[in-house]
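Q: This is the structure alone, sequence omitted:
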């Protein structure tokens, strides 16, 4: 009898068209979990228990089924971006163009949303030829089928490749920082860039280094981006050279009547090598999964990790029948882990007026929860529908006790805000919690160390932005 070993198993996922139903040509992606906390159907049976001289139970019947998927993994951009829409219940503004060939004049794409304007910045990854990867500046004549970029080598890629919008390069002398610390232009129309209020950007190219930092957009006009939550205080500058604005996709939770509201379900495949017999693999499919809980853990002097929790409608028994397209699942192409010593470039809690409260954390965890539950009806084994509740964002952390105003903010239930930015060679993201209140406040007094303060926090809807979480994705950062 063959054995199926854990280290020989494989997990992949695909987005469903509707609950439990894959599209006609599903696109599958492999996962890299560190452990599987749950996978498959949990069956409930009820036996007959009659009063009888035989004093024995009688055979009963299967009455219920619960299907869950739980994965623990290193925090990588591929893992995060795979499911961020599902956990926020909203579409991302990220533009990822699928390339099927590199020609001498640019990237030939199969998606129809090319037609990028001149000076758009794109970042390419996964190509076999090194020169075809990296940050590129789009030429003047891009079309819906080709991104015009110079300096490329002709290639038909063999792996998981992508070309993502990474920002825009302003022409010489066009972009300035005004007296209010906002970004202004003469010719560049900011309303054409696909930016969203609440999204973070990163600037580069200013002579004064304090201007080459992160900031959040609070208003978008044709020739002005109004900014807040700046890493530093921007100063007036009108440079003669070109300035780069880096950005990518943006996801935030939205009301159910918003055009960006999305209920995305997922299907997972577990591959059990040799389960059928030696040389015969079997496959098990967990269907109709909604994103229930996502936790990020950032311990001190360690790697960042994440834990996913999904609740689904059913998991069928393993069989040798494989889903369409699963044999061609793509490997992730953003797999560099984040470490909590060198890769966190910004982590802070501030008052709503941006007065700093603390930046010195010992550890922190952030949990997103959608309160998903299965809806069961007569005549159906397992869930017939899936319910989702209110979106919750919870924070737990230990920080150095460096300012008594933190304790005051906890006691007075003051509204504060929090954001953190983490980056590596694959890009990065900023997670922005625009409004929250803190609880807890217990102190710890470790001998020969700093006094620490523990806090819990719960995000709530920000009156100006109408959201409790914003995630700004960056496919490239300098």
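A: Yep, it's here. Remember, it's a predicted structure, so these values are computed and weren't measured experimentally.

Q: CA only for contacts and neighbour counts going forward, please
A: OK.

Q: hang on, residue 116 packs against residue 138?
A: Yes - counting by Cα atoms under 8 Å, residue 116 touches residue 138, with 7.2 Å between them.

Q: Now do the shared contacts for the two.
A: Residues touching both residue 116 and residue 138 (Cα atoms under 8 Å, 6 or more residues apart in numbering): residue 147.

Q: What residues sit buried inside the helix or strand containing residue 12?
A: Per DSSP states H and E, residue 12 falls inside strand 10-15. For strand 10-15, a neighbour-count test (16 or more other Cα atoms under 10 Å) marks 10-15 as buried.

Q: where exactly do the helices run in the protein?
A: Along the chain, counting by DSSP state H, helices occupy 77-88, 404-411.

Q: and the helix or strand of the chain with the lowest mean pLDDT, which strands flank it?
A: Least confident helix or strand of the chain, by mean pLDDT, DSSP states H and E, is strand 356-358 with a mean of 76. Here strand 356-358 has these sheet partners by DSSP bridges: strand 344-351 (antiparallel).

Q: what's in contact with the partner strand?
A: Residues contacting strand 344-351 (Cα under 8 Å, 6+ apart): 231, 356-360, 415-423.

Q: from those, which two are the most distant?
A: Distance extremes for the contacts of strand 344-351: the farthest pair is 415 and 423 at 27.5 Å, using Cα to Cα.

Q: And those two? Which one has more around it.
A: residue 423 (25 against 18; other Cα atoms under 10 Å).

Q: distance of residue 42 from residue 251?
A: Distance, residue 42 to residue 251, using Cα to Cα, to the nearest Å: 33 Å.

Q: Compare the two (neighbour count), which wins?
A: With neighbours defined as other Cα under 10 Å, residue 42 and residue 251 compare such that residue 251 has more, 25 against 14.

Q: per-residue confidence at the more buried one?
A: Note on residue 251: pLDDT of 97.

Q: OK, contacts around it?
A: 84-85, 88, 90-93, 470-472.

Q: what about 7 Å?
A: Counting by Cα atoms under 7 Å, 6 or more residues apart in numbering, residue 251 touches 85, 90-93, 470-472.

Q: between those, which is nearest residue 293?
A: residue 85 (12.7 Å).

Q: so what pLDDT did the closest one get?
A: Residue 85 carries a pLDDT value of 96.

Q: so how far is residue 161 from it?
A: Note on residue 85: its distance to residue 161, by Cα to Cα, is 21 Å.

Q: Can you get me the start-to-end distance on stretch 217-227?
A: Stretch 217-227 stretches 5 Å from its first residue to its last (Cα to Cα).

Q: what comes up buried for it?
A: 217-218, 220, 223-227.

Q: ok now it, how far from the chain's centre?
A: Centroid displacement of stretch 217-227 relative to its chain, using Cα atoms, centre = their mean, to the nearest Å, is 25 Å.

Q: And stretch 469-478, by the same measure?
A: That offset, for stretch 469-478, works out to 9 Å (Cα atoms, centre = their mean).

Q: What mean pLDDT does it get?
A: 96.

Q: First-to-last residue distance for that stretch?
A: 25 Å.

Q: Over to stretch 417-436?
A: Stretch 417-436: ends 6 Å apart by Cα to Cα.

Q: Can you name the residues in contact with it?
A: 334, 336, 338, 343-352, 415-416, 457-462, 468-477.

Q: swap in stretch 17-31?
A: For stretch 17-31, contacts defined as Cα under 7 Å, 6+ apart pick out 11-16, 265, 287-288, 324-326, 329-332.

Q: Which of these sits closest to residue 298?
A: Of all these, residue 332 has the smallest distance to residue 298: 22.1 Å, by Cα to Cα.

Q: Let me see the contact set for the closest residue to that closest one other than its chain neighbours.
A: Closest residue in space to residue 332, ignoring its immediate chain neighbours: residue 78 at 5.9 Å, by Cα to Cα, 6 or more residues apart in numbering. Contacts for residue 78 (Cα under 7 Å, 6+ apart) come out as 332-335.

Q: Tell me the pLDDT of the closest residue to residue 43 other than its chain neighbours.
A: In this structure, residue 43 finds its nearest non-sequential neighbour in residue 65, 4.7 Å apart by Cα to Cα, 6+ apart. pLDDT, residue 65: 91.

Q: Residue 311 is in contact with residue 65, correct?
A: No - using Cα atoms under 7 Å as the test, residue 65 is too far from residue 311 to be in contact (11.7 Å).

Q: For residue 385, list each beta-bridge partner.
A: Bridge pairing for residue 385 - DSSP bridges - gives residue 375.

Q: In contact with it, which residues?
A: By Cα under 7 Å, 6+ apart, the residues touching residue 385 are 374-376.

Q: what's the answer for residue 275, then?
A: By Cα under 7 Å, 6+ apart, the contact set of residue 275 is 2-4, 281-282.

Q: Give me the buried entries from those residues.
A: 4, 281-282.

Q: Now render the residues you listed as TSV, adding pLDDT and distance to residue 142.
A: Output for the buried ones among the contacts of residue 275, formatted as TSV (pLDDT from 0 to 100; distance: Cα to Cα, whole Å):
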residue	pLDDT	distance to residue 142
4	80	50
281	93	45
282	95	45
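
Q: In strands, which of those fall?
A: 281-282 (DSSP state E).

Q: And the buried ones among the contacts of residue 275, which is closest to residue 450?
A: residue 4 (49.4 Å).

Q: Residue 145 versus that closest one, what's the distance?
A: Counting by Cα to Cα, the gap from residue 4 to residue 145 is 45 Å.

Q: Give the full set of residues in contact with the nearest residue to residue 85 once chain neighbours are set aside.
A: Nearest-residue entry for residue 85: residue 91, 5.6 Å, with adjacent residues in sequence omitted and distances by Cα to Cα, 6+ apart. Neighbouring residues of residue 91 by Cα under 7 Å, 6+ apart: 85, 251, 260-262.

Q: how about a cut-off of 10 Å?
A: If you count contacts by Cα atoms under 10 Å, 6 or more residues apart in numbering, residue 91 has them with 84-85, 249-254, 259-264.

Q: try residue 316
A: Contacts for residue 316 (Cα under 10 Å, 6+ apart) come out as 40-41, 67, 283-287.

Q: got CSV for those residues, with neighbour count too?
A: CSV is the format used below for the contacts of residue 316 (neighbours: other Cα atoms under 10 Å):
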residue, neighbour count
40, 23
41, 20
67, 24
283, 23
284, 22
285, 23
286, 26
287, 26
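
Q: what's the most buried one of the helices of the chain?
A: Highest mean neighbour count among these (mean count of other Cα atoms under 10 Å): helix 77-88, with a mean of 21.

Q: Report the inter-axis angle for that helix versus strand 10-15.
A: Counting by axes from the mean of the first three to the mean of the last three Cα atoms, to 10 degrees, helix 77-88 lies at 50 degrees to strand 10-15.
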